[in-house]
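Undergrad: fold the following.
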Amino acid sequence: MWRTFLELGSERSLHPRPWTVWRLQPEDGVAVLEIDSARGWRDFVQAFPRVRGRFISPDWTQVACEYDAVHITLAAIIATQAFTFAATPHVIAPSYWDIETTLWLRWCFTAVTQVEVVPPPGR
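TA: As a prediction, this is how the structure comes out:
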């Protein structure tokens, strides 16, 4: 999905080519939180709130104290993209993940292998 996302936006991308593609092998027993719904996103943000005025968003420093990574599924993205949610007395800020993603909060890989380098268009 990331490759397609980048290729569709490559003419105006914030991530111009060349792109380096890596295969990462996580350590055994890494703690990955999976968020697979709007309720899961709401519960997650409320469990790790960072308050900014009337809005709350995830406090990633707090999250990293408990998890190595957070995986946001496509179902969660579809259910939350650009929406706010009530979290009395605050509002959960809209999220814009765009692509199913695992956000790694610390380095916990046993192997890293370069798979390819995607050259700029026309090369």
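Undergrad: contacts, neighbours, all on C-alpha from now
TA: Fine.
Undergrad: tell me which helix or strand comes right after the worst-scoring helix or strand of the chain on mean pLDDT.
TA: Of all helical and strand segments in the chain, the minimum by mean pLDDT, DSSP states H and E falls on helix 2-8, at a mean of 82. Counting by DSSP states H and E, the next helix or strand C-terminal to helix 2-8 is strand 19-26.
Undergrad: dihedrals phi and psi, Ala75?
TA: Ala75 adopts backbone torsions of phi -60, psi -40, taken as degrees, to the nearest 10.
Undergrad: for it, which residues are in contact?
TA: Asp36, Ser37 (CA atoms under 8 Å, 6 or more residues apart in numbering).
Undergrad: redo that, cut-off 6 Å
TA: Asp36 (CA atoms under 6 Å, 6 or more residues apart in numbering).
Undergrad: measure it to Ile35 for me?
TA: Noted for Ala75: a distance of 9 Å to Ile35, by CA to CA, to the nearest Å.
Undergrad: tell me which residues in the longest helix that the chain contains are buried?
TA: Determined from DSSP state H, the single longest helix within the chain is helix 38-47. The neighbour-count check on helix 38-47 (16 or more other CA atoms under 10 Å) flags Ala38, Trp41, Arg42, Phe44, Val45, Gln46 as buried.
Undergrad: show residues contacting stretch 15-32.
TA: Contacts for stretch 15-32 (CA under 6 Å, 6+ apart): 67-70, 108-120.
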